[in-house]
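**Q** Dropping the sequence and predicted coords here.
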Amino acid sequence: MSRPLHRGISGGRIAESSQYSLDTQLKIRTEKDDVDRTRSPRDNASLSLRFLLSLIFPDNSSSKSSLGENAFGSSPFNMGGTRSRQNLVLQFLKFSLVLIVVLAISGSLWWTISISTSSRGYILRGYRRLQEQIIADLSDIGELSLGAARFKELEFCTQNFENHVPCFNSSKNSTLGYSADDTYDRQCGQGIKESCLVLPPKNYKIPLRWPTRRDVIWVANVKLTAQQVLSSGSLTKRLMMLDEEQISFRSDSGMFDGIEDYSHQIAEMIGLRNESYFIQAGVRTILDIGCGYGSFGAHLLSNQLLTMCIANYEDSGGQVQLTLERGLPAMIGSFNSKMLPFPTISFDMLHCAWCGIDWDQKDGIYMVEVDRVLRPGGYFVWTSPLTNSQSHRNKENQKKWIFVRNFAENLCWDLLSQQDETVVWKKTSKKNCYASRKPSSAPPICSKARDLESPYYRTLEPCIGGTRSPRWIPIEKRTTWPSRAYLSSAELDIHGVYSEDFAEDSLNWNSAVRNYWSLLSPLIFSDHPKRPGDEDPSPPFNMLRNVLDMNSQFGGFNSALLEAGKTVWVMNVVPTSGPNYLPLILDRGFVGVLHDWCEAFPTYPRTYDLVHANGLLSLLTSQKHGCPMLGLFAEIDRLLRPEGWLILHDKVSQIEMARALATQLKWDARVVEIASNNEERLLVCQKPFFKRQPK
């Protein structure tokens, strides 16, 4: 298409020369394009700049030479010819092009300056979001690039770890030289956490939905065997009716009728008509020592009483494991040598029915510990053959009973009543009682340095604590349940909490629970038609019963669950590395403990249906001596039952780290954005059900 154009302009030899010149230029341009494709972007930019300058300022020497050869040359001073006018127009066009370029550059510079000043605030607001996205993207790229070498999945533990509880290895404690009393006590040390995933027993089944699981559990889910049940005493046989796969606690059994009569008897001994009046008498939380299989607490649930079971570690699983399997509060706890992980004056009643504790041993220090955790005006209920007058024919039994009775008097406990094998004492509400005792035989009042609100497994103290605490309020003067959950401004002042902060915390948790339930309900109730926002279906469509809150703060998560009508109980855990709000939580009528999350939690595997942690990862990583995060997540895996849930609420960086750890634990994980907060995220995980393969 170029040949006719050149003929029309020049013709003859000029056309041939022009054609040669065009072919040569095309060839040169083609070769140049091939070279340009191999150059770097910087080289291409340099070439483009040189090309632009060549258009504006061409090489005059080469042009003159070319014109001379073609006989079109003329004197450069001849301005009157056609060629001169063309040169003048060309020079004008060049000048115009230079002016346009200068104006364009100036305009772009002005636009850049205006953007940097007027839009600086917008850019800064978007910078943080861009930075977070870059961090998340880099994390994803890092995971992909490092692969299995960095995020290797943990292996499964061997079969002997099925019911393993770290820190309670009785055989190891024996070899380390601990005394017989301390063999089953808690002994934690460095590197105690395991680096493997605990598999359930071979025939493990998902627990029945609440409230069915309160009365029926699967035999394969607990370490207690059928042979142990059948070979046990007549009391257990009356309590438990066993078939091939299930242990049943039926309401029509003789033992349950006995529990009802027993509870009614205790109420009458206190001066109440029946157990339904415990709430009016100021009783809400009960510590059941050596609870058996939790039947006492299970019966009191219908009266809005919350009973926490504590019992020694048992190789056979026993009391705590079975109670938790029923969906009732329980944890491993011992009076052997250490304080319980509860603050002073925490429970309204302590109950011990055939609990196996020798209260007369070690100069009555176990009774001092009972007094420490019992509120003023609270009740201590003891059922034992030692209290029966017929057993006093044995001089040894009589000696034990006399010691316990006299020591209780020295603790300022009033003996309310004694019937059959049951005795009920009431702790004094008056501090002046301690001054009227005989100093020679009475435990002294603890000094201020030894009277602690954070007794995390400290050595037992032979002194009376709590008398200096502003929380020394008789149970009769406390607000009754459920109003107790909403502390007054005066009560909040005792804990150093502002009413505004407490109210805001409650509102935030009410909203959070609604969001949590919207996320989980389509999966929890997958076999029942339920949509987010709908009311929960009636039982048995309830797969969540045991809930662990790893960083409870004010107990707002617990309160919000109850306000939303969820039939759950919450183990509120206050980390020892953070502020101690456990006294506030207990004063609200909830249950909870202090715990160091660098150590194993005192419970058996497969304990909780839902584990929740708000801000825990940030709290732990801010400590100078932080604990390994992989060990913490392996511990959470041990606590969760198969198909159980984990909800983490934390900063973006912590959630991304947690998501990477979740892959190592083989969890199904999902990161959820929070609409009102760009700096925090939710991580929702579900633990898969990995069945042990038969050998």
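**A** Arrived safely.
**Q** and the gap between Ala433 and Ala442?
**A** Heads up, residue 433 is Cys, not Ala. 10 Å (CB to CB, to the nearest Å). Every C-beta, even on glycine, is put in place using the N, C-alpha and C of the backbone.
**Q** is it true that Glu396 lies in a helix?
**A** Yes: in this structure, Glu396 lies within a helix as judged by DSSP: H, G, I helix; E, B strand; the rest coil.
**Q** Measure how buried it is and give me the count.
**A** Glu396 has 9 neighbouring residues, counting by other CB atoms under 10 Å.
**Q** What segments of the stretch 501-650 of the chain are strands?
**A** Counting by DSSP state E, counting those that start in this stretch, the segments of the stretch 501-650 of the chain that form strands are 546-549, 569-575, 591-595, 608-614, 640-651.
**Q** For those, could you give me JSON lines that also reports distance to Gln623?
**A** Below are the strands of the stretch 501-650 of the chain laid out as JSON lines (distance: least, CB to CB, whole Å):
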{"stretch": "strand 546-549", "distance to Gln623": "20"}
{"stretch": "strand 569-575", "distance to Gln623": "10"}
{"stretch": "strand 591-595", "distance to Gln623": "14"}
{"stretch": "strand 608-614", "distance to Gln623": "15"}
{"stretch": "strand 640-651", "distance to Gln623": "15"}
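**Q** CSV please, covering those and showing distance to Thr307 and mean neighbour count.
**A** Output for the strands of the stretch 501-650 of the chain, formatted as CSV (distance: least, CB to CB, whole Å; neighbours: other CB atoms under 10 Å):
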stretch, distance to Thr307, mean neighbour count
strand 546-549, 14, 25
strand 569-575, 10, 24
strand 591-595, 9, 23
strand 608-614, 18, 24
strand 640-651, 21, 22
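**Q** Of all the ones you listed, which one comes closest to Lys687?
**A** Lys687 sits nearest to strand 640-651 of all the strands of the stretch 501-650 of the chain, at 4.6 Å, using CB to CB.
**Q** Could you tell me the angle between that closest one and strand 608-614?
**A** Here strand 640-651 runs at an angle of 10 degrees relative to strand 608-614 (axes from the mean of the first three to the mean of the last three CA atoms, to 10 degrees).
**Q** Packing partners of strand 640-651?
**A** The contact analysis (3 or more CB pairs under 8 Å, 6 or more residues apart in numbering; DSSP states H and E) places strand 640-651 against helix 499-524, strand 608-614, helix 616-621, helix 652-664, strand 677-686.
**Q** Please tell me how far the longest one is from the chain's geometric centre.
**A** Okay, so that is helix 499-524. Between the centre of helix 499-524 and the centre of its host chain there is 15 Å, according to CA atoms, centre = their mean, to the nearest Å.
**Q** Tell me where the stretch 351-500 of the chain has strands.
**A** Listed in chain order, the strands found in the stretch 351-500 of the chain under DSSP E, counting those that start in this stretch are 374-383, 413-419, 422-427.
**Q** Dump the shortest one to CSV, keeping only the CA atoms.
**A** Once side chains and other backbone atoms are set aside, the C-alpha atoms of strand 422-427 remain, and they are given as CSV (Å, rounded to 0.1, in the frame of the first residue of the first chain):
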residue,chain,number,x,y,z
THR,A,422,-25.6,-36.1,107.5
VAL,A,423,-24.4,-33.0,109.4
VAL,A,424,-24.9,-29.4,108.3
TRP,A,425,-22.7,-26.5,109.5
LYS,A,426,-23.2,-22.8,108.8
LYS,A,427,-20.2,-20.5,108.4
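**Q** That one pairs with which strands?
**A** As defined by DSSP bridges, the strand partners of strand 422-427 come to strand 374-383 (antiparallel), strand 413-419 (antiparallel).
**Q** which residues are in contact with that strand?
**A** Strand 422-427 is contacted by residues 262, 265-266, 269-270, 371, 374-383, 387, 408, 411-418 when judged by CB atoms under 8 Å, 6 or more residues apart in numbering.
**Q** returning to what we had before: so of the helices and strands packed on strand 640-651, which one's packed in deepest?
**A** Per-residue neighbour counts averaged over each of the helices and strands packed on strand 640-651 give the maximum for strand 608-614, namely a mean of 24 (mean count of other CB atoms under 10 Å).
**Q** Out of the strands of the stretch 501-650 of the chain, which is closest to Phe95?
**A** Using CB to CB as the criterion, the shortest distance between Phe95 and the strands of the stretch 501-650 of the chain is 60.5 Å, found for strand 640-651.
**Q** before we move on, back to that, mean pLDDT added to the strands of the stretch 351-500 of the chain, as JSON lines?
**A** Written out in JSON lines, the entries for the strands of the stretch 351-500 of the chain read as follows (pLDDT from 0 to 100):
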{"stretch": "strand 374-383", "mean pLDDT": "98"}
{"stretch": "strand 413-419", "mean pLDDT": "96"}
{"stretch": "strand 422-427", "mean pLDDT": "98"}
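**Q** domain assignment for the protein?
**A** 159-166+482-687, 258-477 (the TED database).
**Q** Kindly present these as a markdown table, with separate columns for distance to Ser106.
**A** Rendered in a markdown table, the data for the domains of the chain read as follows (distance: least, CB to CB, whole Å):
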| stretch | distance to Ser106 |
| --- | --- |
| domain 159-166+482-687 | 39 |
| domain 258-477 | 69 |
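**Q** Which of these sits closest to Arg214?
**A** Here domain 258-477 is closest among the domains of the chain (CB to CB), at 5.4 Å.
**Q** And that closest one, end to end?
**A** In terms of CA to CA, to the nearest Å, the two terminal residues of domain 258-477 are separated by 32 Å.
**Q** Then stretch 445-457?
**A** Separation of the first and last residues of stretch 445-457 by CA to CA is 20 Å.
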